[in-house]
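**Student:** here is a sequence together with a model predicted from it:
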Number of protein chains: 2
Amino acid sequence: MQTAAQASDRIFDALADPSRRALFESLARGEAAVKDLTARFDISQPAVSQHLATLRRAGLVNGRREGRLVYYRVEPKGLRPLVDWLTYHRVFWTEHLDRLQALLANMGDA
Amino acid sequence: MQTAAQASDRIFDALADPSRRALFESLARGEAAVKDLTARFDISQPAVSQHLATLRRAGLVNGRREGRLVYYRVEPKGLRPLVDWLTYHRVFWTEHLDRLQALLANMGDA
DNA sequence: TCAATACATAAGTGCCCACTTATGTATTGT
DNA sequence: ACAATACATAAGTGGGCACTTATGTATTGA
């Protein structure tokens, strides 16, 4: 079992690093292979792989191998613990957050 | 001026630290003086003050002096850049889903 | 089977930051 | 004015982590 607190712990930690957030945001626009990401950013390939591993452990992305390439993409349910954290602190909600939760509720069944 | 990206940068960084998140969560239940927070957590008073300063720079809390005490509380609008960040990326994902659905619909016709 | 490509992992390193103790500043009470 | 309390800031330190280079593992094609 794994608590929501532990999950949001790893998510906050994963998204705290600017490079990782940039990688995540890049993947949010569409899946990409490690090779592509390495070309986009000015860090070494191992650095990219290490960041991707951290994002994957946080449940934010997943990867699938296809031949020599490994394509990564965002995990749709990944950000849910973050939304839950915001909701728990009944923070300030706005119609934005309500709509976001509705979307997550629809997708969360996968 | 200050961009939303820069704001969410500081918010992610501020909330990445477990001690700071614990302080924020404690303040979310009600305002408290530095003295109270120092009593609640097992870290020194300077550590508490430093964390509060980081949270304040991130726009997550504010403090008001009342005599010798300084009472901190959460800043209601503080988490909004985080909500905006979530919403922004969720938009991209839903666009992808829409395209996927369109693609599946076309395949069904074939 | 051998070379080349793509990626992951190992190993090493420098820097940042989360703590500490020490000290400064503000406020209150006597 | 002086002592005591509450907090902020300064200064120093150890550990972690975000990089690097080096190497290992898969996969492909010739």
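**Tutor:** Great, that's in hand.
**Student:** secondary structure element for residue A:9?
**Tutor:** Taking DSSP states H and E as the definition, residue A:9 sits inside helix A:4-16.
**Student:** quick one, that helix and helix B:4-16 angle?
**Tutor:** Helix A:4-16 runs at 130 degrees relative to helix B:4-16, counting by axes from the mean of the first three to the mean of the last three Cα atoms, to 10 degrees.
**Student:** could you report the neighbour count for the residue nearest to residue A:35 when sequence neighbours are not counted?
**Tutor:** Spatial nearest neighbour of residue A:35, chain neighbours left out: residue A:69 (6.6 Å); criterion: Cβ to Cβ, 6 or more residues apart in numbering or on different chains. (C-beta placed from N, C-alpha, C; glycine too.) Neighbour count of residue A:69, defined by other Cβ atoms under 10 Å in any protein chain shown: 13.
**Student:** could you do residue A:39 as well?
**Tutor:** A count of neighbours around residue A:39, defined by other Cβ under 10 Å, yields 12.
**Student:** low-confidence ranges in chain A?
**Tutor:** A:1, A:90-110 (pLDDT under 70).
**Student:** returning to that earlier point: how much space between the residue nearest to residue A:35 and DNA strand D?
**Tutor:** Distance from residue A:69 to DNA strand D, counting by Cβ to the nearest atom of the strand, to the nearest Å: 9 Å.
**Student:** just give me the neighbour total for residue A:17.
**Tutor:** For residue A:17, using other Cβ under 10 Å, the count is 17.
**Student:** again, but for the one 5 residues further on
**Tutor:** Burial measure for residue A:22: 15 neighbouring residues, criterion other Cβ under 10 Å.
**Student:** quick check: angle from the following helix or strand past the helix holding residue A:9 to helix B:4-16?
**Tutor:** Where DSSP H and E defines the elements, the next helix or strand beyond helix A:4-16 is helix A:18-28. Put simply, helix A:18-28 runs at 120 degrees to helix B:4-16, going by the same axes, to 10 degrees.
**Student:** let me see the ranges of the strands in chain A.
**Tutor:** In chain A, the strands defined using DSSP state E lie at A:32-33, A:61-66, A:69-74.
**Student:** which helices and strands does the last one pack with?
**Tutor:** Under the contact criterion of 3 or more Cβ pairs under 8 Å, 6 or more residues apart in numbering or on different chains; DSSP states H and E, strand A:69-74 touches helix A:18-28, strand A:32-33, helix A:34-40, strand A:61-66.
**Student:** could you redo the last one with a cut-off of 7 Å?
**Tutor:** Under the contact criterion of 3 or more Cβ pairs under 7 Å, 6 or more residues apart in numbering or on different chains; DSSP states H and E, strand A:69-74 touches helix A:18-28, strand A:32-33, strand A:61-66.
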